[in-house]
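> quick one: sequence plus predicted model below, questions after.
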Amino acid sequence: MDLQYDFNPDPANHSRRGIEQLERLLGCFQKALGHELPNQLVALQGLARLIEMEQADRLDDEGRAHLLRLADLARRADGLVRTLAEVGRLTCDRGPVEEASLLEAAHEAAAEVNLTASGWSVRYAIDPQATVVPVSRRSLRLVLVHLLRNAVQADGGCASCVEVGSRRARDGVEWWVKDDGRGLPETQAPRLFECFAGGGTAGLGLFLVRQIVAGWGGAMRVHSEPGAGATFAVLIRTP
């Protein structure tokens, strides 16, 4: 059997073929991160729990500690994979631009973050004149999820109350997520929005927030004081 594969297309079609190849690779990337890897990691977490329930009496303290560590690493890897899958979906489809309700998106995001974090509350300070923003509902909820998660998990999850607020600005709508935690370390500030700068899903989450806000044509500012928490504010310009 003679097989021939031409991997050197006509130069005139090179650009189009390159785009098609990138789309296929992105599709494979999404399939792996959206289905295959999460399924394997869920199975790994389930196996760790099963061993803990059925074999705990046969393990010494060191063995149980290793098992708990294994379950925690699987959980963290699962969170990382799901965040990467969000990056892939966002690249393909940012969602339609609409009049998205900030308050509704904040409630949805808080409910999602509550599934993995507890012991904190949300205070809302939404200006009646700044309740909607002209972005896709999907991307707004995603940004809020990552900012809320960053607030409650920063420095070991020390924030007990997080505020989501908004106000009408001169050239648009400004909204923010403010926590009462320890504040940002000065050494973290220069690389705050770099990919994996904070380690784990936190570093990737803020990187994703930056990409989405940039795609909106918006701007961000961050204010933090030692022992007084941090505020992440987003400005969405409106006509």
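Sure, I can see it.

> mind giving me the domain ranges of the protein?
Residue ranges for the domains of the chain, per automatic domain parsing: 11-92, 98-237.

> most packed of these?
domain 98-237 (a mean of 18; mean count of other C-beta atoms under 10 Å). All C-beta atoms are positioned from the backbone trio N, CA, C, and that covers glycine.

> got the phi/psi numbers for V222?
Main-chain dihedrals, V222, degrees, to the nearest 10: phi -130, psi 130.

> got a pLDDT number for it?
On pLDDT, V222 comes in at 88.

> so what's it up against?
V222 makes contact with L184, A189, L192, A230, T231, F232, A233 under the criterion C-beta atoms under 8 Å, 6 or more residues apart in numbering.

> just name the lowest-scoring one in these, pLDDT-wise.
Minimum pLDDT across the contacts of V222 is recorded for A189, with 66.

> torsion angles phi and psi at R75?
Main-chain torsions, R75, degrees, to the nearest 10: phi -60, psi -40.

> thought it was touching L44?
No: in this structure R75 lies outside contact range of L44 using C-beta atoms under 8 Å: 9.5 Å.

> circling back to that earlier point, worst mean pLDDT among the domains of the chain?
Note on the domains of the chain: domain 11-92 shows the lowest mean pLDDT, a mean of 69.

> give me the distance between the two termini of stretch 211-231.
For stretch 211-231, the first and last residues are 18 Å from each other (C-alpha to C-alpha, to the nearest Å).

> going forward, count from 471.
Sure, I'll start counting at 471 from here, so that last one is stretch 681-701.

> on the three-state scheme, the closest residue in space to E582 that isn't next to it in sequence is what?
Residue nearest to E582 in three dimensions, not counting chain neighbours: V615, with 5.5 Å by C-beta to C-beta, 6 or more residues apart in numbering. Here V615 is helix, with the state taken from DSSP: H, G, I helix; E, B strand; the rest coil.

> contact partners for V615?
V615 neighbours (C-beta under 8 Å, 6+ apart): A579, E582, V583.

> OK, contacts around the first one?
A579 sits next to R611, L614, V615, L618 when contact means C-beta under 8 Å, 6+ apart.

> quick one, phi psi at it?
phi -70, psi -40.
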